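Q: From the sequence below, what's the structure:
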Amino acid sequence: MAQIKQASQQRAVQRRHLEAIVAIDDGKSVHGAARALGLAQPAVSRLLSEAEKALGERVFERSSRGSHPTAWGERVLAQARAVLRSLERLDLSAGLDRGPVSLGCIARAMHTLMPNLLERVARDGEASGPVRLQLIEESSTFLWDAVSRGTLDFAILRGRSDTAGDDELLTERLYDERTVIICAPDAGPQGKSVLSRAELMRQRWVLPDARTSSREAFDRYCSDGRLGPIQPVIETRSFETGLALAARTGFLSIAPESIARRHEALGLVRVLRTRVPLPTSPTVLVFKRWAVEDPVLAGLRTQIHAAAAAARHALRGR
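A: Numbering: from 1, shown residues only. Take a look at the predicted model:
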């Protein structure tokens with residue numbers, strides 16, 4: 001963000017320039033940006049030219065296939081999106097609305113963390129004005145990329161080892177949770193209290209698809225036991241689908257332990273014990289370094305950590 005702030009002060013980059021380059025990125029072309037902004041195409045081209053001249057670099061490579069950000073332009077766009085959201089919050093600061101904050105979250109944290117967080121946001125809003133929270137649910141990979149591109153302010157996702165590539169991204173650990181194996185109460189391997197990984201290989205499975213972090217972690221668990229990857233009969237987009245199918249069929253699936261235990265207490269599923277438990281994995285908060293400078297974002301970050309502390313307490317009680 002320092003790049004744009006400095007350019008804004010010294011080279012007269014203005015809000016309209018930032019709006020133009022973000023619109024070009026969203027529309028993939030100057031023509032698409034002109035349509036979205038309600039401007040003539042030459043006017044958008046002029047704004048882009050002024051912005052690139054002021055910033056001293058090309059933001060986009062233009063061709064017959066449209067406009068695509070340069071490597072440097074990707075960084076500028078991430079900062080431009082953050083600046084525009086900050087300006088929108090500033091525009092609204094005179095009223096009760098503290099403006100929009102965009103937050104992405106993986107499915108498992110929607111169950112474990114989000115209810116507590118939303119209660120805290122609502123209580124805080126009664127005292128100091130509501131935050132307009134724009135919430136999306138997606139995979140860890142999608143959310144990581146969205147924060148890196150600047151289209152999300154925050155993301156709550158599963159920790160990952162390949163965090164290189166964006167030195168403006170910060171990661172903070174929220175809590176750890178184990179994944180467990182589930183089946184219907186009257187299904188799954190019978191007569192054994194503890195199962196080996198080899199015995200698990202012989203079962204029928206419904207699993208999240210290979211692009212999800214949950215599936216990646218489960219495949220590593222199998223390979224660590226010197227077994228080949230399990231070939232599921234059904235692949236799904238989320239663990240919730242696997243949970244629903246496992247509860248009513250003979251298939252096995254995987255789910256976060258806190259959610260699986262709630263379903264087990266209701267008699268909907270059975271949690272299987274394994275000789276080698278599945279490993280725990282961290283849930284983390286990811287955001288751009290400059291988010292700490294924005295008071296609204298800093299406030300939500302504090303609330304996220306408070307909700308995570310409540311989640312850690314609940315998970316320890318299981």
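
Q: Name whatever forms a beta bridge with I234.
A: V206 (DSSP bridges).

Q: That one: what's it in contact with?
A: Residues in contact with I234 (CB atoms under 8 Å, 6 or more residues apart in numbering) are W205, V206, L207, L245, F251. (C-beta placed from N, C-alpha, C; glycine too.)

Q: Tell me the most packed of the residues you listed, by neighbour count.
A: Among these, the one with the most neighbours (other CB atoms under 10 Å) is L207, at 24 neighbours.

Q: need the contact list for that residue.
A: R215, F218, I230, P232, I234, E235, T236, G242, S253, I254.

Q: what does L113 give?
A: C105, I156, L174, Y175, T283, I304, A307, A308, A311.

Q: Skip the chain neighbours and tell me the closest residue to L118.
A: Spatial nearest neighbour of L118, excluding adjacent residues (CB to CB, 6 or more residues apart in numbering): L133 at 7.8 Å.

Q: Give me the secondary structure label for the one you found.
A: strand (DSSP: H, G, I helix; E, B strand; the rest coil).

Q: My guess is it contacts L103. True?
A: Yes. Under the criterion of CB atoms under 8 Å, L133 makes contact with L103 at 6.1 Å.

Q: Please say which of the two ends up with more neighbours.
A: L103 (22 against 16).

Q: A strand includes the more buried one, no?
A: Yes. Counting by three-state DSSP, L103 falls inside a strand.

Q: what bridges to it?
A: L135, F154.

Q: From what I see, it and V131 are in contact.
A: No. Counting by CB under 8 Å, L103 does not reach V131; the two are 9.8 Å apart.

Q: so what's in contact with these two at the same time?
A: Joint contacts of L103 and V131 (CB under 8 Å, 6+ apart) are L300.

Q: ok so, going back, just put the contacts of L207 in JSON lines and tack on pLDDT.
A: Formatted as JSON lines, those follow (pLDDT from 0 to 100):
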{"residue": "R215", "pLDDT": "87"}
{"residue": "F218", "pLDDT": "89"}
{"residue": "I230", "pLDDT": "85"}
{"residue": "P232", "pLDDT": "91"}
{"residue": "I234", "pLDDT": "93"}
{"residue": "E235", "pLDDT": "93"}
{"residue": "T236", "pLDDT": "91"}
{"residue": "G242", "pLDDT": "92"}
{"residue": "S253", "pLDDT": "95"}
{"residue": "I254", "pLDDT": "94"}
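
Q: can you pull the contacts of I182?
A: 243, 246-247, 252-255, 260, 263-264, 269-272.

Q: can we see that at 6 Å?
A: A246, S253, A255, A260, V269, V271 (CB atoms under 6 Å, 6 or more residues apart in numbering).

Q: what's the spacing between the fifth one and R275?
A: Between V269 and R275 the distance, using CB to CB, to the nearest Å, works out to 20 Å.

Q: just R204 next, same as before
A: With CB to CB as the criterion, R204 and R275 are 20 Å apart.

Q: Please apply the same query to I21.
A: For I21, the distance to R275 - CB to CB - is 56 Å.

Q: With neighbour numbers in mind, choose between those two.
A: Neighbours around I21 and R275, counted as other CB under 10 Å, are more numerous at I21. The numbers are 26 against 12.

Q: so what does the helix or strand where that one lies touch, helix or strand wise?
A: Element membership for I21 (DSSP states H and E) is helix 15-27. Under the contact definition 3 or more CB pairs under 6 Å, 6 or more residues apart in numbering; DSSP states H and E, helix 15-27 sits against helix 30-37, helix 41-55, helix 71-92.

Q: want to throw those helices into CSV with distance to R15, mean neighbour count and mean pLDDT?
A: Listed next are the helices and strands packed on helix 15-27 as CSV, based on distance: least, CB to CB, whole Å; neighbours: other CB atoms under 10 Å; pLDDT from 0 to 100:
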stretch, distance to R15, mean neighbour count, mean pLDDT
helix 30-37, 12, 19, 90
helix 41-55, 11, 18, 89
helix 71-92, 6, 18, 82
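
Q: Show me where the chain dips below the pLDDT cut-off.
A: 1-11, 91-99, 126-130, 161-166, 188, 190-193, 317-318 (pLDDT under 70).

Q: Which parts of it are helices?
A: 2-11, 15-27, 30-37, 41-55, 71-92, 107-112, 114-128, 140-149, 197-201, 213-224, 239-248, 257-265, 295-316 (DSSP state H).

Q: Would you mind listing the outside residues contacting the fourth one?
A: Defining contact as CB under 6 Å, 6+ apart, one finds that helix 41-55 is touched by A7, R11, V13, H17, A20, I21, V30, H31, A33, A34, R58, V59.
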